[in-house]
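Q: Got a sequence here, can you model it:
(chains A and B)
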Amino acid sequence: MKAYFSAFRMRWKMELQYRGAVIGGVLCQIFFGLVLVAVYRALYLGNPQTGMRLSNITTYVWLQQAFFRMLLSSDPELMDKIRTGGIAYELCRPVQLYGFYYARITAQKLMGSLLRAAPMLLFAALLPEGWGISLPASLPALLLAACGVMLGLLCVSAMECISMGFTMRTLDFRGVYALMNLLMATFAGNILPLTLFPDSWQRAITLLPYAQMLDTSIRLYTGAYALSQAPAALLIQAVWIVLLVSLGLALWARNQKKLIVQGG
Amino acid sequence: MSYIAVEALNKAFTVRKKREKGRLLREKSTVQALKDVSFSIEQGELVGYIGPNGAGKSTTVKILSGILTPDGGSVTVGSRVPWKERKEHVRHIGVVFGQRTQLWWDVPILDSFSLLKDIYRVPREAYEKRLEALTEALQLTDLLRTPLRLLSLGQRMRAELCGSLLHGPELLFLDEPTIGLDAVSKLALREFLQKENRENGTTILLTTHDMEDIAALCPRVMVLGHGQKLYDGALTDLLARYDTDRVMTVRLGGDLPPLPPCCQVQRDGENARITYSPEQLPTADLITLLQAAGPLREMTIQGQNVDRLIAAMYREMDL
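A: You can find the predicted model right below:
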């Protein structure tokens, strides 16, 4: 177990080395946040909507932008290892390969998003009402949302391990990742808040694994999910984690048997 | 039973070729990477594994280290079957792939080492002792806090080797470990490997194209070509078969006399390099010939360059 934790800590440390990337990422996400908020403001001012309050939508947008790094799939180093055969070394270790990579991916996503989320949420909190992020529905709601983010992290990492499993077969991550990122951006609520989809759609979409990654936590935060609905929401997340991890483990086990590291 | 026992090992790869014009499907062909390879290695041996590019050397190493599953044949390393008991097996081995890196690119190498410590569950005390011994022998002490990306190739190679030995493996696979190293680093590395083998009884299987490595390190060599084992024995015996020519470098007072056609002459300023076969023209006769033409100022006789011999051998074996 120590090995996996150690790998997690290493990747965590490494993320701290790229401070420039953090600043760049924060600026980029702030820009997108402002543009999106401006669009929804225009929509609401021109044609007042019933249902969702504007402040709920802007909160949704900012939380999505703040944790964007968590959703975005890319650990170029791991991809390179698969492409160039550096994975051969990993196979020479007395560890479970899936767990080892899972730990690394989780660390990268957690550290990467925490580093970006802190300054961004601060920025969004300073914006005037109707532009920025509002306070959580209640203190328990905030705590439940934090739990939700952690479960979402485990879920999104498991998803990325599955993409990686396919990459081991295709040897080029671009195709698989383009598809995965598109599905992710759409069904995780990054392009359009899931709360704005038609109700009948929402019932299906919120059950998909993508909604478990961030949408659930945001709804807990804003109070769109009442406290009484929270256990069910967290349970769905947990179920998806189990499903996705099992699927990933099976895929990797199959790959490992067939894996051929080519070249000298 | 031997420490490493390999019996009738077979492995084939399927290679897909580019589709030919007018054909619907790509053609597949199989490349037999290993054909009935058998050998055994005792504990504490230092064995060189040579052969031209694509002979199947790396394939063997990958199978022995549990990365690759063979199509047929049996392998045991210390009573373990590598690909079946991968996790248990790899705990006891160390691997250096000269072309790849196991250390983390952006973090100090000490951090990578400490991760390896946790992976192999090396107790702290043993780890610290081992690390100190290794960093001293490999001259890494000053580099421990430097990220890998800032190290030169030679420094990196030494760091890789250190990483592979931290858990004190009983068996070490080295796949071209001296690739790209300068003369000083090469000599230091060889010396270190000999010491590791002598003092800790580490069994070492060395794959390389650098014949100097083999000559300096390995009393025993195995030659592989087209996936088959062609020779297994002492390097000196192997060379003796092909090492029939001698090279005499001379500096003469006068002009070089005409020599029999079996001699090849190469001029190098005042010196002349004469390649001849002592069987056809005894050395004494050659010296007499030369002395007749003028005073013999300087003379050395050498065997042929090892690389040339190996090239001759590969040619003869039709590799």
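Q: Every contact and neighbour count from this point should use C-alpha atoms.
A: Fine.
Q: wait, does the helix or strand containing A:M168 make contact with chain B?
A: Following DSSP states H and E, one finds A:M168 within helix A:139-170. No: between helix A:139-170 and chain B, judged by Cα under 8 Å from any Cα of the partner chain, nothing touches; the nearest distance is 14.1 Å.
Q: gap between that helix and the chain center?
A: In terms of Cα atoms, centre = their mean, to the nearest Å, the centre of helix A:139-170 is found 6 Å from the chain centre.
Q: likewise stretch A:114-127?
A: 17 Å.
Q: Which positions within that stretch qualify as buried?
A: Buried residues in stretch A:114-127, counted by 16 or more other Cα atoms under 10 Å in any protein chain shown: A:L114, A:L115, A:R116, A:A117, A:P119, A:M120, A:L121, A:A124, A:A125.
Q: average pLDDT across it?
A: Here stretch A:114-127 scores 92 as its mean pLDDT.
Q: Please confirm that A:A185 is located within a helix.
A: Yes: when classified by DSSP: H, G, I helix; E, B strand; the rest coil, A:A185 is found to be part of a helix.
Q: Could you report the neighbour count for the closest residue to it other than its chain neighbours?
A: Leaving aside its sequence neighbours, A:A185 sits nearest to A:I191 (Cα to Cα, 6 or more residues apart in numbering or on different chains; 5.8 Å). For A:I191, the neighbour count with other Cα atoms under 10 Å in any protein chain shown is 14.
Q: Check B:M211 too.
A: Neighbours of B:M211 using other Cα under 10 Å come to 17.
Q: do the same with A:G46
A: 9.
Q: do B:L148 as well
A: 24.
Q: just to revisit the earlier point, could you list every helix and strand that the helix holding A:M168 packs against?
A: helix A:68-71, helix A:76-84, helix A:97-126, helix A:173-187, helix A:209-213, helix A:215-222, helix A:230-258 (3 or more Cα pairs under 8 Å, 6 or more residues apart in numbering or on different chains; DSSP states H and E).
Q: other SSEs contacting the third one?
A: This means helix A:97-126. With 3+ Cα pairs under 8 Å, 6+ apart as the test, helix A:97-126 has helix A:2-17, helix A:19-46, helix A:54-66, helix A:68-71, helix A:139-170, helix A:230-258 packed against it.
Q: For the second one, which residues meet the burial criterion?
A: Translated: helix A:19-46. Neighbour-count burial for helix A:19-46, counted by 16+ other Cα under 10 Å, picks out A:V22, A:G25, A:V26, A:Q29, A:I30, A:G33, A:L34, A:L36, A:V37, A:Y40, A:R41.
Q: Return the residues in contact with the second one.
A: Spelled out, that is A:G25. The contact partners of A:G25, by Cα atoms under 8 Å, 6 or more residues apart in numbering or on different chains, come to A:R116.
Q: Chain B: helices as residue ranges?
A: B:57-64, B:86-90, B:109-119, B:124-137, B:153-165, B:183-200, B:211-217, B:235-242, B:283-293, B:306-316 (DSSP state H).
Q: any idea which of those scores lowest on pLDDT?
A: helix B:306-316 (a mean of 78).
Q: in the chain, which residue is closest to the centre?
A: No chain specified, so I'll use chain A. In chain A, the residue lying closest to the centroid (Cα atoms, centre = their mean) is A:L71, at 2.8 Å.
Q: Can you look at chain B instead?
A: B:T208 (2.4 Å).
Q: if I look at that one, how far off is B:I41?
A: Distance, B:T208 to B:I41, using Cα to Cα, to the nearest Å: 18 Å.
Q: Now do residue 5: how many residues are near it, please.
A: All of this is about chain A. 17.
Q: wrong chain, I was asking about chain B
A: 19.
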